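A.B. asks: here are the coordinates; sequence isn't available:
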């Protein structure tokens, strides 16, 4: 049973516009959320995280929003750049140290 | 500094063969994780070490899978009598510490792509 879901397998955005990647989770015990970026033939690279005590965390062009009541988080990239083209995974963790990953969203930023 | 490294990067095995996958975590990282990523899926947790202690192996799919980290640094994931369904990318990740109630970021290696024929 998939506890973390990314329902959009792919997304295309024009360079300079905003990219919004979405993620839903089912386990209300999750209290830490992360986004990872993955290029082909490489391991996932940490991008940004958020604790459940916050509803927003910003790092440069990347902002993660958390809506606990809806069990939903999103990653905003603005402005999008061609180098942002990659697969983005959201992940969640609860009382243990195990991360639960979504299936990923492939982002293509069109120059 | 050096990141997490894994070897081999690619492994082809005949069904029934045993394989051993190696992970070198970031120096000084206490926690080490193994994940299995099937094609088109996200990484799925296999097992977790804190130093040399294997604290969680709930994700190992069968008793053919075995992991060890005898000196608290390098780890080996061994798969015995490989089956075709074992074909996947095996990712290793490490994190510096384990804080109760707060999760550290995990840093991933490039993975080992295992193909079982």
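C.D. replies: Thanks, I have the structure now. Owing to the predicted nature of the structure, the values given are computational and were not obtained by experimental measurement.
A.B. asks: quick check: residue B:49 touching residue B:73?
C.D. replies: No. Distance between residue B:49 and residue B:73: 10.1 Å, which falls outside the contact criterion (CB atoms under 8 Å). Every residue, glycine included, has its C-beta placed from N, CA and C.
A.B. asks: within range of chain A, give me the residues from chain B.
C.D. replies: B:4, B:6, B:31, B:33, B:35, B:40-45, B:48, B:55-56, B:59, B:91, B:93, B:95, B:98, B:102-111 (CB under 8 Å from any CB of the partner chain).
A.B. asks: show only the entries of the residues you listed found in strands.
C.D. replies: B:6, B:31, B:33, B:35, B:44-45, B:48, B:55-56, B:91, B:93, B:95, B:107-108 (DSSP state E).
A.B. asks: and of those, the nearest to chain A?
C.D. replies: Using CB to the nearest CB, residue B:108 is the member of those that lies nearest chain A, at 3.4 Å.
A.B. asks: what residues are bridge-paired with that closest one?
C.D. replies: Beta-bridge partners for residue B:108, by DSSP bridges, are residue B:93.
A.B. asks: any weak-confidence spans in chain B?
C.D. replies: Low-confidence segments of chain B, defined by pLDDT under 70: B:1, B:98-104.
A.B. asks: repeat that with 80
C.D. replies: B:1-2, B:97-104 (pLDDT under 80).
A.B. asks: contact partners for the residue nearest the centre of it?
C.D. replies: The centroid of chain B falls nearest to residue B:34 when counting by CA atoms, centre = their mean (2.8 Å). Counting by CB atoms under 8 Å, 6 or more residues apart in numbering or on different chains, residue B:34 makes contact with B:23, B:45-48, B:67, B:75, B:77, B:90-92.
A.B. asks: if we use 7 Å, what do you get?
C.D. replies: B:46-47, B:67, B:77, B:90, B:92 (CB atoms under 7 Å, 6 or more residues apart in numbering or on different chains).
A.B. asks: ditto for residue B:58
C.D. replies: Neighbours of residue B:58 in contact, by CB under 7 Å, 6+ apart: none.
A.B. asks: next: residue A:35.
C.D. replies: Contacts for residue A:35 (CB under 7 Å, 6+ apart) come out as A:47-48, A:64, A:75, A:88, A:90.
A.B. asks: distance of it relative to chain B?
C.D. replies: From residue A:35 across to chain B, the span is 11 Å (CB to the nearest CB, to the nearest Å).
A.B. asks: do the same with residue A:24
C.D. replies: 13 Å.
A.B. asks: hey, what's that residue bridged with?
C.D. replies: residue A:5, residue A:72.
A.B. asks: contact partners for it?
C.D. replies: Per CB under 7 Å, 6+ apart, neighbours of residue A:24: A:5, A:71-72.
A.B. asks: give me the pLDDT value at it.
C.D. replies: Note on residue A:24: pLDDT of 97.
A.B. asks: show the buried residues in the residues of chain B next to chain A.
C.D. replies: B:4, B:6, B:31, B:33, B:35, B:42-45, B:48, B:56, B:59, B:91, B:93, B:95, B:103-104, B:106-111 (16 or more other CB atoms under 10 Å in any protein chain shown).
A.B. asks: okay, buried residues for stretch B:7-18 please.
C.D. replies: B:11, B:13.
A.B. asks: likewise stretch B:50-68?
C.D. replies: Quick answer for stretch B:50-68 (16+ other CB under 10 Å): B:50, B:54, B:56, B:59-60, B:65-67.
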